[in-house]
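>>> give me a model of this one.
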Amino acid sequence: MFEKALKGGKLYWSWIAFLCLLILIGLASYSVQWQKGLTITGMGKEVSWGLYIANFTFLVGVAASAVVVALPTYIYNQHKFEKMTTLGEFLAVAAVTMCILFILVDLGKPMRALHVLLYPSPNSVMFFDFIVLSGYALWNIIIAWYILSSRITGTDISWYVKLIIYIAIPWAISIHTVTAYIYSGLVARGMWMTALLAPRFLASAFAAGPSMLIIAAIVARKYANFDVGKDVIRIVAQMVTFAMIVNMFFLGCELFVVFYSQHPEHMAHWTYLLFGMDGYGKLVPWIWASIGLGIFAVLMLIHPTTRKNDQ
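Residues are numbered from 1 along each chain as shown. The predicted structure follows:
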């Protein structure tokens, strides 16, 4: 199967070279962090998490997108989704791999990850996050391998692979739920300490992940002669629409509860983000851009003409 990765034209190898360059830049940057410590990231007591955990959270959502196409394929026997499922499984493997790498670099020293295995603590949410991420990575590697093998050989996948798929579908929901619990269990961060965070994470995951999958499918159709079918892309786009509407609804509910109840601790976080506080407001343009683009995305997705345009 690996021989397939060694075949391609100039454009393919140019893309591989570009990715290798990015990896080398990342390794060079990490070597600096290894020597000088996490102080070079600018993180500290007040800002304990930065781009590492932000990217980890986003990529967990991308990884969970595989379930969106696996569910109709193997639960409802909609075989037209098979090509998209193949793409989704490999995207999930890549996303989970990056998730684990972001956690490792955020630890400062990768050896510290061994403490999770050597001294497991059921009271730690990170312990469960390690389990669900590792398990999901393993399931998707097995599933992706056998799905691609069955496509090449023209045979049906075995019953035990289908069993793993049935396990992986609810497992995908668990990875983003546990990730949300890492945030919502923090008493010192009032903005995250809400029971609505896990549903919001899932809604945003099922909006962002399949969106990445659609982009990957369009690129694969244009440059790799791998067409998942316009019908499939449009159905996935409808799923994205529903998920994005729910995501924005949850955000609206959160804002209503915070500002209507006038809860001081929760208001402080949102006031700082939306309007700035005590002369500090660097994040204000970013949060308004995020909300504005979210509303714009919903409007574009609701309209059939723009939603069905996959060119």
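
>>> and the helices in the protein?
Under the criterion DSSP state H, the chain contains helices at 10-36, 51-64, 66-74, 82-106, 114-118, 125-153, 159-184, 197-223, 230-261, 264-275, 284-302, 304-307.

>>> please pull out the lowest mean pLDDT helix or strand from the protein.
Ranked by mean pLDDT, DSSP states H and E, the weakest helix or strand in the chain is helix 114-118, scoring a mean of 78.

>>> only the buried residues of that helix, if you could.
V116 (16 or more other C-beta atoms under 10 Å). For every residue, glycine as well, the C-beta is placed using N, CA and C.

>>> show me what that helix is packed up against.
helix 125-153 (3 or more C-beta pairs under 8 Å, 6 or more residues apart in numbering; DSSP states H and E).

>>> give the other helices and strands that the helix it packs on contacts.
Counting contacts by 3+ C-beta pairs under 8 Å, 6+ apart, helix 125-153 is packed against helix 51-64, helix 82-106, helix 114-118, helix 159-184.

>>> any idea how far stretch 286-293 is from the middle of the chain?
Relative to the chain's own centre, stretch 286-293 is displaced by 19 Å; criterion: C-alpha atoms, centre = their mean, to the nearest Å.

>>> quick thing: my sequence starts at 160, can you match it?
Shifting the count to begin at 160 puts that one at stretch 445-452.

>>> what's in contact with it?
410, 432-433 (C-beta atoms under 8 Å, 6 or more residues apart in numbering).

>>> now, which of these sits nearest L266?
L432 (27.6 Å; C-beta to C-beta).

>>> quick revisit: closest to W318 out of the contacts of stretch 445-452?
Closest approach between these and W318, by C-beta to C-beta: L410, at 42.1 Å.

>>> what about that closest one, how many neighbours?
Residue neighbour count, defined by other C-beta atoms under 10 Å, stands at 18 for L410.

>>> quickly list the domain ranges of this structure.
According to automatic domain parsing, the chain comprises the domains 160-194, 207-466.

>>> look up phi and psi at Y278.
For Y278, the backbone dihedrals are phi -130, psi 70 (criterion: degrees, to the nearest 10).
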